[in-house]
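A.B. asks: here is my input, please return the structure:
(2 chains)
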Amino acid sequence: MSTPAASTRSVDRTSNTVVGDTWVTFKRWNLKAVRNPFVLVVSLVQPIIFLVLFTEVFGNVAGQAVSRGIPGISYETYLVPAIAIQVALAAAVTSGVGLVNDIENGMFEKVLVSPMNRTAVFVGKTAAEVFRIAIQIAIILGLGVLLGAEIATGVVGALGIIAVGILFSLWFVAFSNTLAILTRDQESTIIGANLLQFPLLFLSSAFLPLEALPDWIQTFARLNPVTYGVDAARSLMLDQDVMTVVEVSWFEGTLNGVAPGLLVLGGLAVVLGGVAVYLLARASSSDVR
Amino acid sequence: MSQEHSGERDGQAPGSVDARSSRPAAIDVDGLELTYGDGTEAVQGVDMTVPEGEFFGFLGPNGAGKTTTIKVFATLLSPTAGSVTVNGFDVTADPRKIRESIGYMAQETNIDPELTASENIRFACEAYGVPRGTRADRVDELLDLVDLVDVASKRAEEFSGGMKKRLDAATALVHQPPLVFLDEPTTGLDPKARNRLWEYFQRINEEGTTIFLTTQYLEEADQLCDRLAVILGGEIVADGSPADLKRQVGGEVLDVDLEDGDDARQRAASIAEGFDAFSDATVNVTDEGISVTAETARQHGTDLLVALRDAGLTVTGFNIRAPTLDDVFLAITGEELAERAPDQGVEQ
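C.D. replies: Numbering: from 1, shown residues only, chains lettered A, B, ... in the order given. Got it, this is the predicted structure:
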């Protein structure tokens, strides 16, 4: 019959912890991701098309260019690390879209008014996105191996490539969130982030060795985070230092190709992450004198 | 379903409001000002105290500053000036303590459309630290309260506006907070759902929960609230129990229905204004005719009707009644609050 009583007023409350709040947020965003399998699939389709078509269509031509620089590897092997980075790029776009949705449906405000730790909320959401990116890169690596690519460093290297992909995704996650806060509009966020995706990929060492590309592209590629991500991932793939834009000799061999990439991407993530966090903090407290 | 809970609160002894004010304050505001970045002075010097356990109604036309004020209390906006204490905590110094101890239902519906009804409530339970062991029961209890048991595992995006609103209400109550802010909670609900929420708000209020309600529906405020404040242009212009406010309007209201058009109504209004037997009458032109509020409306109402007939106007109906909150609102703000509680359901 009638409604259940709020029987007692003295309800015990477990206090919020950073870890707990991160976990609660992580769970919510994963649940939302699972609810939208379409998005999960679609964001994988394009990289997979690239992987299959590029190796089939350009394999012979590109393979020759590749083997002039790095003898003895197939184009599949050369391309898979780049596709892994592409996956990270494509998935990171959706981070800002998620934020816009949250602002639009009021969950952003609901969380602000709750006792949840705000940093934990931000970390939890990003963790869910990163988790998804890790799974998607793993799928790409598996598919690449099926198509004939070889991961010279084995399982450890594969995990390393996933880690590079995650680190790489962070600056673009921050970037798409910045777009989201500034535009507060889904389409603008998607278009803004997607517009950059292709120039970033093609004007880098992703699909062909830099030596095979025109000078202006080489110049751009030196400033392009994608080059650092791809070269670091590729060094792990091939188990040799193939970082094209910076030369370091801090270690023996492969790590010299990975470390500078990680440093650059880490620095970029901190800077852009700082911008996004600053804007997010400003958005959380409305414009009041 | 009838609204049987009316009357009881209006009938309270005048002293009871004072008795309540000896309780600790749930909300204590001194000189609150809020100016937005674009220069809009939304709130200009609000003082108020809401004692624990009170059912407090905050009324005002759109744009008067209701939502801005409530957002300051809920720690979503920082005051430009003044001090605000909620549940004993300062809004600027201790916002997190406040967030733990209040429930807040925003004017817009805030739910995650991709999650199901139970998942939304469950998320709120987790966000507010409802202990793991009691979460499942709490979710069921609240689903039942807002009549969403049948659609518990449906995604909220499939819900009608009213269902979403009910779900939102449930999520604001998960941690049984001692103070609940409701910013126009029943807008867009059908009468059945609205009554059900009213009953629940009333029940948790009787159990000791302080409720701070803004509403456009004056009957809602009249039936539910112990005390009301009216905000206009960022300032509080009246406050008191519904009965007090109605007394302030003074006397009784004589509604006169007239035939003919606008012209006749204007003429009737000027006759009523110049009518000697009503010393301090307030006359308003209504859709049907005129409405006269005066101390002696009951004694001399018939005289006015005769005067109107003598002036050649056709009276088609009349009614003498006690002032309602609509009259209070009209007297204070000079405008009618646009919306009334709809008799027809908006949904279902």
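A.B. asks: show me where pLDDT drops low in chain A?
C.D. replies: A:1-12, A:286-289 (pLDDT under 70).
A.B. asks: what's near enough to touch residue B:116?
C.D. replies: By Cβ atoms under 8 Å, 6 or more residues apart in numbering or on different chains, the contact set of residue B:116 is B:152-156. Where C-beta positions appear, they are placed from N, C-alpha and C, glycine not excepted.
A.B. asks: out of those residues, give me the one that has the most neighbours.
C.D. replies: Taking other Cβ atoms under 10 Å in any protein chain shown as the neighbour criterion, residue B:156 ranks highest of those with 22 neighbours.
A.B. asks: coming back round to it: filter the contacts of residue B:116 to keep only those in contact with chain A.
C.D. replies: Among these, proximity to chain A is found for residue B:155 (Cβ under 8 Å from any Cβ of the partner chain).
A.B. asks: tell me the SS of the one residue sitting closest to the centre of chain A?
C.D. replies: Closest residue to the average C-alpha location of chain A: residue A:169 at 2.3 Å, with Cα atoms, centre = their mean. Classification of residue A:169 using DSSP: H, G, I helix; E, B strand; the rest coil returns helix.
A.B. asks: residue A:90 and residue A:45 touch, don't they?
C.D. replies: No. The pair residue A:90 / residue A:45 is not scored as a contact, 9.5 Å apart, by Cβ atoms under 8 Å.
A.B. asks: which of those two has more neighbours?
C.D. replies: Using other Cβ under 10 Å as the criterion, residue A:90 and residue A:45 rank with residue A:90 on top: 23 against 10.
A.B. asks: what about the nearest residue to the more buried one once chain neighbours are set aside, which helix or strand?
C.D. replies: Sequence neighbours aside, residue A:43 is the residue nearest to residue A:90 in space, at 5.0 Å (criterion: Cβ to Cβ, 6 or more residues apart in numbering or on different chains). Here residue A:43, judged by DSSP states H and E, is contained in helix A:37-53.
A.B. asks: got the buried residues for that helix?
C.D. replies: Buried residues in helix A:37-53, counting neighbours by 16 or more other Cβ atoms under 10 Å in any protein chain shown, are found at A:39, A:43-44, A:47-48, A:50-51.
A.B. asks: tally of neighbours for residue 34?
C.D. replies: No chain in the question, so chain A it is. For residue A:34, the count of nearby residues is 11 (other Cβ under 10 Å).
A.B. asks: wait, I meant chain B there
C.D. replies: Residue B:34 is flanked by 25 other residues according to other Cβ under 10 Å.
A.B. asks: can you pull the pLDDT of it?
C.D. replies: In the prediction, the pLDDT value recorded for residue B:34 is 93.
A.B. asks: ok, now the one 4 residues further on?
C.D. replies: Residue B:38 is assigned a predicted lDDT (pLDDT) of 86.
A.B. asks: confirm that it sits in a strand.
C.D. replies: No. Looking at residue B:38 with three-state DSSP, it is coil, so not inside a strand.
A.B. asks: residues in contact with residue A:207?
C.D. replies: Taking Cβ under 8 Å, 6+ apart, one finds A:54, A:58, A:62, A:79, A:82, A:201 in contact with residue A:207.
A.B. asks: which helix or strand contains the fifth one?
C.D. replies: When secondary structure is defined using DSSP H and E, the element that contains residue A:82 is helix A:75-104.
A.B. asks: so which bits of that helix are buried?
C.D. replies: The neighbour-count check on helix A:75-104 (16+ other Cβ under 10 Å) flags A:75-103 as buried.
A.B. asks: moving C-terminal of it, what's the next helix or strand?
C.D. replies: On the C-terminal side of helix A:75-104, the nearest following helix or strand under DSSP H and E is helix A:107-113.
A.B. asks: that older thread, hmm, the residue nearest to residue A:90 is touching residue A:91, no?
C.D. replies: Yes. Applying Cβ under 8 Å as the test, residue A:43 and residue A:91 come out as touching, 5.4 Å apart.
A.B. asks: so for those two, which residues contact both of them?
C.D. replies: residue A:136.
A.B. asks: in PDB, list the C-alpha atoms belonging to stretch B:289-306.
C.D. replies: The C-alpha trace of stretch B:289-306 is given here as PDB (Å, rounded to 0.1, in the frame of the first residue of the first chain):
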ATOM      1  CA  GLY B 289     -14.600  40.900 -13.900                       C
ATOM      2  CA  ILE B 290     -13.100  42.500 -10.900                       C
ATOM      3  CA  SER B 291     -11.700  41.400  -7.500                       C
ATOM      4  CA  VAL B 292     -11.900  43.700  -4.500                       C
ATOM      5  CA  THR B 293     -10.000  43.100  -1.300                       C
ATOM      6  CA  ALA B 294     -11.200  45.100   1.700                       C
ATOM      7  CA  GLU B 295     -11.700  44.800   5.400                       C
ATOM      8  CA  THR B 296     -15.400  45.300   5.100                       C
ATOM      9  CA  ALA B 297     -16.000  43.400   1.900                       C
ATOM     10  CA  ARG B 298     -18.500  41.100   3.700                       C
ATOM     11  CA  GLN B 299     -20.500  43.800   5.300                       C
ATOM     12  CA  HIS B 300     -20.700  46.200   2.300                       C
ATOM     13  CA  GLY B 301     -20.300  43.800  -0.600                       C
ATOM     14  CA  THR B 302     -24.000  43.900  -1.600                       C
ATOM     15  CA  ASP B 303     -23.900  47.700  -1.600                       C
ATOM     16  CA  LEU B 304     -21.100  47.600  -4.200                       C
ATOM     17  CA  LEU B 305     -23.100  45.100  -6.300                       C
ATOM     18  CA  VAL B 306     -26.100  47.400  -6.200                       C
END
